[in-house]
Structures are given as structure tokens and as C-alpha cells.
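> What follows is a predicted structure for the sequence shown.
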Amino acid sequence: MTVEELHNRVLFMLQKDQGGFFNPEEIDEAFNKVQLEYLRELLQARPNQIGQPKGLGADAQTNRALQPFATSTSLTTGATGIYTFLDDVAHFRNLESRDEEVSAAELPDRLNSAIIAPTEARPIFIQQNKGLKFYPAAQYTKQFHYIRFPLDVLFNYSIAGRQVVFNPTGSVDPQWGDIEMEVLVRKTAEYISSNNQDYEVRNFEVQKTAGV
């Protein structure tokens with residue numbers, strides 16, 4: 001679904017329910033808030049046990065929804081083995097299969113073990129402070145798999161007379177699949193409708209208090 005189609009769908013739902021005018025910025029802002037909340041809900045539904053394989057989601061539906069945002073990159077730590085997540089990281093998935101994640105509680109025993117202590121060839125790591133810390137301390141280069149944040153949508157437009165004229169140049173489309181967009185269109189319309197109702201109630205209360 002393009003951002004133009006998104007706006008048309010949301011406007012149709014709002015005008016059918018409420019009427020009135022809704023500017024493009026209002027729809028963009030609402031959708032961007034709604035999609036982040038939706039992403040958070042999907043991530044909470046996925047497995048995240050240390051030491052277990054980390055797929056995209058807990059079921060096929062969540063896997064499909066998160067697929068557009070599954071990506072990977074090469075990371076290089078500092079000399080102390082610390083890597084700080086990039087700004088677009090919504091959720092860490094996993095590293096290469098030879099790299100083992102441990103919990104902070106397990107770390108002391110692993111570091112002091114005479115049998116399974118980590119080595120630079122077979123390091124271990126923990127998650128900390130929006131990043132990863134590898135042991136033993138050294139510089140590592142790894143393949144990093146994660147779920148990124150979706151881009152903010154942007155409806156670029158101009159005004160001709162009283163008409164909003166969409167401009168695809170500079171616009172940013174949603175990145176979700178068709179099924180998820182149906183959910184997000186509905187949630188966006190509901191979000192805007194709810195905010196407008198709250199505003200009308202507050203405005204009425206102000207006028208009532210002022211004796212208008």
C-alpha cells in the first residue's frame with residue numbers, strides 16, 4: 001500500500017464516521033505512532049529466551065508481519081569487545097551460530113570455568129546498555145541479525161486552490177505487508193477519531209467553565 005492509498009483509506013473511514021477535514025500531517029503522525037505500538041506488540045509475542053534459537057516470531061502470523069523489518073549487518077566491536085546497537089535496531093535477534101549468548105547471572109561461572117571458559121575463537125556475549133559485550137575482551141567482527149524500526153511515512157503534497165495535491169517525490173510509503181496494513185489503517189483511523197473526541201470533550205468543558 002502506498003502512502004497515498006493509506007491516506008485515502010483513512011480519510012474514507014474518518015469522513016464516513018465523523019466528517020470534517022483532516023490534514024495530511026495529522027494522518028502521518030497518527031500512523032507513525034500506531035505502527036511503532038503495533039511493532040512493540042509483535043515483538044512482545046516473539047520468543048526471547050537466552051540460549052534458544054531466535055526466530056522472527058512466535059507463530060506464522062507474527063513471522064509474516066515482521067519479515068519486512070528483518071535485516072542483518074556486519075558489526076565490529078571496539079578493542080574491549082563492546083558493540084553499541086545502531087539507532088534503527090528495534091530488537092536483537094542473533095549472531096553467527098558459533099556465538100553463544102549467556103545471562104549476566106551465568107557470566108561469572110563461565111569466565112572462571114576450567115572447561116567451558118570463552119576464547120577469542122569461541123567467545124560468549126551478554127546484552128547490556130543497548131548493546132553487546134563479548135568475552136574475552138577483544139575486537140570482533142560478526143554478522144548481526146536484528147529487527148529494525150519501520151521508516152516514518154511521509155505524504156508530500158502541495159495545495160492548489162483548496163485541494164491537496166499529492167506529490168510522490170519525497171513521499172515515503174509504508175513498509176508493512178497488505179494484511180498488516182489493513183490492521184494499521186483501522187488503528188490509525190481509530191487513533192485520530194479518539195483524539196478528536198477527547199479534544200471536543202475538553203473544549204466543551206473549557207467553554208462550560210468559562211460560561212460560553
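Received the coordinates, thanks.
> now the strands for this protein?
With strands called from DSSP state E, the chain shows them at 70-76, 82-84, 89-94, 100-101, 124-128, 131-135, 141-148, 157-160, 163-166.
> ranking these by burial, who's on top?
Across these, averaging neighbours per residue (mean count of other CB atoms under 10 Å) puts strand 131-135 on top, at a mean of 20. C-beta: built from backbone N, CA, C; applies to glycine.
> Need the CA coordinates for that strand. PDB is fine.
The C-alpha trace of strand 131-135 is given here as PDB (Å, rounded to 0.1, in the frame of the first residue of the first chain):
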ATOM      1  CA  GLY A 131      24.400  -3.200  23.000                       C
ATOM      2  CA  LEU A 132      26.500  -6.400  23.300                       C
ATOM      3  CA  LYS A 133      29.600  -7.200  25.400                       C
ATOM      4  CA  PHE A 134      31.900 -10.000  24.200                       C
ATOM      5  CA  TYR A 135      34.200 -12.100  26.400                       C
END
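> So which residues make contact with it?
Contacts to strand 131-135, defined as CB atoms under 8 Å, 6 or more residues apart in numbering, come from residues 77, 81-85, 92, 107, 110-111, 118, 123-126, 140.
> Recalculate using a threshold of 6 Å.
When contacts are defined by CB atoms under 6 Å, 6 or more residues apart in numbering, strand 131-135 is touched by residues 77, 81, 82, 83, 84, 85, 118, 123, 124, 125, 126, 140.
> would you list the strands of the chain in a markdown table and tack on distance to residue 36?
Formatted as a markdown table, those follow (distance: least, CB to CB, whole Å):
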| stretch | distance to residue 36 |
| --- | --- |
| strand 70-76 | 17 |
| strand 82-84 | 21 |
| strand 89-94 | 9 |
| strand 100-101 | 26 |
| strand 124-128 | 21 |
| strand 131-135 | 21 |
| strand 141-148 | 12 |
| strand 157-160 | 23 |
| strand 163-166 | 24 |
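> would CSV of those with mean pLDDT be doable?
What follows is those, written out as CSV (pLDDT from 0 to 100):
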stretch, mean pLDDT
strand 70-76, 93
strand 82-84, 96
strand 89-94, 91
strand 100-101, 91
strand 124-128, 93
strand 131-135, 96
strand 141-148, 93
strand 157-160, 94
strand 163-166, 94
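> This completes my enquiry, with thanks.
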